[in-house]
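Undergrad: pasting the structure only:
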């Protein structure tokens, strides 16, 4: 993301979400051109200065070509259709008896927002690849670009296309929140890919189930995980995304992180629970705090001894619903600190800023990492934490986070809506024997190292090669 | 349901939901003993007077044996665990970032409410069938009794068991709202049945998908729709429930309904839209009213001409969330009538009472029947209406109602969250050519008559016989 400084110069800055973390890491391994919609004024100016050509991001091995669409088209695409509508849908976050209320604005956001941006992206991909000696590999990312899949197939018929979605894939009934023609078009168009990549096996089964339910005449092979629709076969695969393990370990050892570790040291309790969340309703921060409150209520011996460090990354505060959620978080924090704090001890500390080094420092130091999203595509915090932690910390993990499929054996599972279960899990984590902590922490670290971002990328590239040989 | 009159005598009264409609009808065809939990004080007294034996419901061919559990056990079972928790879950009605918050009360409601009632029911079934010459057929109904399935299997190993669920079966991720051990136990225990009956193919696929996701080692056959778990195979089948067509037609022709038809006649517009809903958030009454409001806003020619009759059956008003919803309904009605009514014409009339004859009278008279539940197991209004309607009325039907699988070809589908689409569908319905109306109305009537409650029962009984011969 480029932004314009006060002095008129352009700087590039890294975004906050898990997807950016993963893709920035991936770029180290994969020489490729990124084609992206210009989001900010800075992006637009960078695109202008590059004259429609590819440009290199300073201090990164990333080449970007920006697609510039009219501001109002982008607004409709991103701020009406993708966020919040699709994001909320794919995270099961609608309050279905009352929201959403799909009116004309959403129809317009589809027609002259979502469809238009997807067409523009496909046009640029076609232009970028037209002089290639061989049919290109096209990797499309996430929920902003479902329809581009079919459009790339149309314009570049020989392309091998993989569409990867970073967020959860709901079952067909929850997709029913979207008007029928929209949900059907999304499934039809994404099935133009050779491979549809999703985070987990659960997402793969949901996707197959959706195609069976929505695409008349589609053949679904649940064993092989293939969808055959209108003569084209698509493989549906789970590629759980991860972190750049060597890069992150190096960063965790840096002087910058070391400095934050020293600062945070002053805030540690006898035992310390750490949370790292974007301030976003799906991350379940409020229920997390309430569980901690219940723990202090039920086990008075923890008062004055167990501290919760809440790293909270500001997120989409321009959307009212996010601001409301952030307010609820701070209310919960205040009520806990009022009830259980005293002059010497404050049960919850909030670090409310986008400071990756500081959050990593916190993850080095936890005794318990508490990750309880309501529903999450993967959740990279649950992989970053065990990788960098230095105290044999225990991972308490939502059984609805995508990472739970990989990590469940060595984590303590919690159901995100379940305060009672969360208190029991936190209690188990805080009282776990050192040997057991060590065993689990080591296993988690090994797992994250083995299945890191390179593993994620390699599996996709191997499968893309297999597709071109007709062998997937 | 028995209630105690002022004079101390007992009267029996028919409940309001779709399940009661269907089962009362079914009792006409199937001689059997119903075993039910005593809900009301009247039920308890009736049970007492029967001395634990079977009793006959006056004016009905129904034999009932009440299971009496302590009041607080029943409270936890019904008012904490089943309603609202399970009902809201299976209708996708939770506002996941904020509700539910599962605390100790829910754990207790499970342990000494839901489990206890299910055990008590199974005990009585075992006692009732112990002297039978042949192994019994046991038909268990709905979400109150998932665990009874495994307990009956244990106590009466030779029984042939069918468990039928009247409400939707969500996919595994939405079931994730329930603590892991509870959702797993429910799926394990219900798989003790020989047949798991659900309303629709969509529910069947969700159920298979849940078993694959939750039951380790289960073999799922998506083609045959079988789950094999711990050596026992269960067939998962769709039996869409329906109405007692001949009985209902007879009732629609009765003097009682005739009288209501005459009264309602005074309220009809040039064209009349009818809705019949329990006052319940899943029925989507508010969005239905808002769509009608948008119609009047966009097409001024309908003002003074198109009337909406809203039959609204009071429901569970002891639960705050239902009362709040009813308040929202009346606010929406008032705002429409304030905006578009004048001295001579009122756009919306509400009939707020549990008056089945009156509602059937309304269904005889509609030009458009508007049924848009957010998510519904089946929805019998969408079958009752086309059966009794006398005006070639058009059915506008939620594509998330269970009945949509059967009726979609002849109804106009709407997505329940989609106000824009609903306005378009209502407009289409109101302007549809007479020939087309006639063709669709006739087809719907035929369909409902062919696949009525007898068809529903017969298919289950045939399948139960097939199971005893090892042929399902």
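TA: Now that the structure is in, tell me what you want to look at. In this text the structure is predicted, and so the values were computed from the model without any measurement.

Undergrad: where does the stretch 351-472 of chain A come near chain B, residue by residue?
TA: Residues of the stretch 351-472 of chain A lying near chain B by C-beta under 8 Å from any C-beta of the partner chain: A:374, A:375, A:399, A:400, A:413, A:415, A:416, A:417, A:418, A:419, A:420, A:421. Just so you know, the C-beta spots here come from the backbone N, C-alpha and C atoms, and that holds for glycine as well.

Undergrad: Averaged pLDDT, the longest helix along chain A. What do you get?
TA: Ranked by residue count and defined by DSSP state H, the top helix of chain A is helix A:320-340. For helix A:320-340, the mean pLDDT works out to 95.

Undergrad: Give me the residues contacting that helix.
TA: Helix A:320-340 has contacts (C-beta atoms under 8 Å, 6 or more residues apart in numbering or on different chains) with A:84, A:279-281, A:285-286, A:289-290, A:292-293, A:296, A:303, A:310, A:312, A:314-317, A:346-348, A:350, B:97.

Undergrad: downstream neighbour of it in the secondary structure list?
TA: Next along the chain after helix A:320-340, taking DSSP states H and E as the criterion, comes strand A:348-352.

Undergrad: Pop the domain breakdown of chain A in here.
TA: As recorded under automatic domain parsing, the domains making up chain A are A:69-242+A:455-468, A:245-450.

Undergrad: For chain B, see how far away residue A:87 is.
TA: Going from residue A:87 to chain B by C-beta to the nearest C-beta, to the nearest Å gives 12 Å.

Undergrad: Quick check: which element contains residue A:456?
TA: Applying DSSP H and E, one finds residue A:456 within helix A:453-468.

Undergrad: what's that helix packed up against?
TA: Helix A:453-468 sits against helix A:18-27, strand A:160-164, strand A:195-198, strand A:232-238, with contacts defined as 3 or more C-beta pairs under 8 Å, 6 or more residues apart in numbering or on different chains; DSSP states H and E.

Undergrad: Does residue A:281 touch residue B:97 like I think?
TA: Yes. Residue A:281 is within contact range of residue B:97, at 3.5 Å (criterion: C-beta atoms under 8 Å).

Undergrad: Name the residues contacting each of those two.
TA: A:93, A:325, A:374.

Undergrad: who wins for most neighbours among those?
TA: residue A:374 (25 neighbours; other C-beta atoms under 10 Å in any protein chain shown).

Undergrad: need the contact list for that residue.
TA: Taking C-beta under 8 Å, 6+ apart, one finds A:91-93, A:281-284, A:398, A:400, A:416-417, B:96-97 in contact with residue A:374.

Undergrad: now it, what's its secondary structure?
TA: coil (DSSP: H, G, I helix; E, B strand; the rest coil).

Undergrad: Look up how far residue A:96 lies from it.
TA: 15 Å (C-beta to C-beta, to the nearest Å).

Undergrad: distance of the residue lying closest to residue A:196 once chain neighbours are set aside from residue A:216?
TA: In space, and not counting its chain neighbours, residue A:196 is closest to residue A:236: 4.9 Å by C-beta to C-beta, 6 or more residues apart in numbering or on different chains. Applying C-beta to C-beta, the value for residue A:236 to residue A:216 is 18 Å.

Undergrad: between the two, which one's more packed in?
TA: residue A:236 (26 against 7).

Undergrad: wait, the more buried one sits on residue A:224?
TA: No. The pair residue A:236 and residue A:224 does not pass the contact test of C-beta under 8 Å, sitting 9.3 Å apart.

Undergrad: And the strands in the stretch 301-450 of chain A?
TA: For the stretch 301-450 of chain A, the strands defined by DSSP state E, counting those that start in this stretch occupy A:306-313, A:348-352, A:368-371, A:394-398, A:412-414.

Undergrad: Repeat that for the stretch 101-250 of chain A.
TA: Under DSSP E, counting those that start in this stretch, the stretch 101-250 of chain A gives strands at A:137-141, A:160-164, A:195-198, A:219-221, A:226-229, A:232-238.

Undergrad: ranking these by burial, who's on top?
TA: Per residue and on average, the most neighbours among the strands of the stretch 101-250 of chain A fall to strand A:195-198, with a mean of 25 (mean count of other C-beta atoms under 10 Å in any protein chain shown).

Undergrad: pLDDT averaged over it - what is it?
TA: 98.

Undergrad: Which elements pack onto that strand?
TA: With 3+ C-beta pairs under 8 Å, 6+ apart as the test, strand A:195-198 has strand A:160-164, helix A:201-214, strand A:232-238, helix A:453-468 packed against it.

Undergrad: a markdown table for those, including mean pLDDT and distance to residue A:152?
TA: Converted to a markdown table, the helices and strands packed on strand A:195-198 look like this (pLDDT from 0 to 100; distance: least, C-beta to C-beta, whole Å):
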| stretch | mean pLDDT | distance to residue A:152 |
| --- | --- | --- |
| strand A:160-164 | 97 | 6 |
| helix A:201-214 | 97 | 19 |
| strand A:232-238 | 98 | 13 |
| helix A:453-468 | 92 | 14 |
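
Undergrad: which residues does the nearest residue to residue A:172 once chain neighbours are set aside contact?
TA: Once flanking residues are discounted, residue A:172 sits nearest to residue A:213: 3.9 Å by C-beta to C-beta, 6+ apart. Counting by C-beta under 8 Å, 6+ apart, residue A:213 touches A:172, B:202, B:205.

Undergrad: likewise residue A:76?
TA: Per C-beta under 8 Å, 6+ apart, neighbours of residue A:76: A:108, A:109, A:112, A:113, A:114.

Undergrad: In three-state terms, how would it be classified?
TA: Residue A:76 is classified as helix under three-state DSSP.

Undergrad: From residue A:146, how far out is it?
TA: 16 Å.

Undergrad: Adding distance to chain B and pLDDT, write the contacts of residue A:76 out as CSV.
TA: Output for the contacts of residue A:76, formatted as CSV (distance: C-beta to the nearest C-beta, whole Å; pLDDT from 0 to 100):
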residue, distance to chain B, pLDDT
A:108, 10, 98
A:109, 11, 98
A:112, 15, 97
A:113, 15, 98
A:114, 15, 98
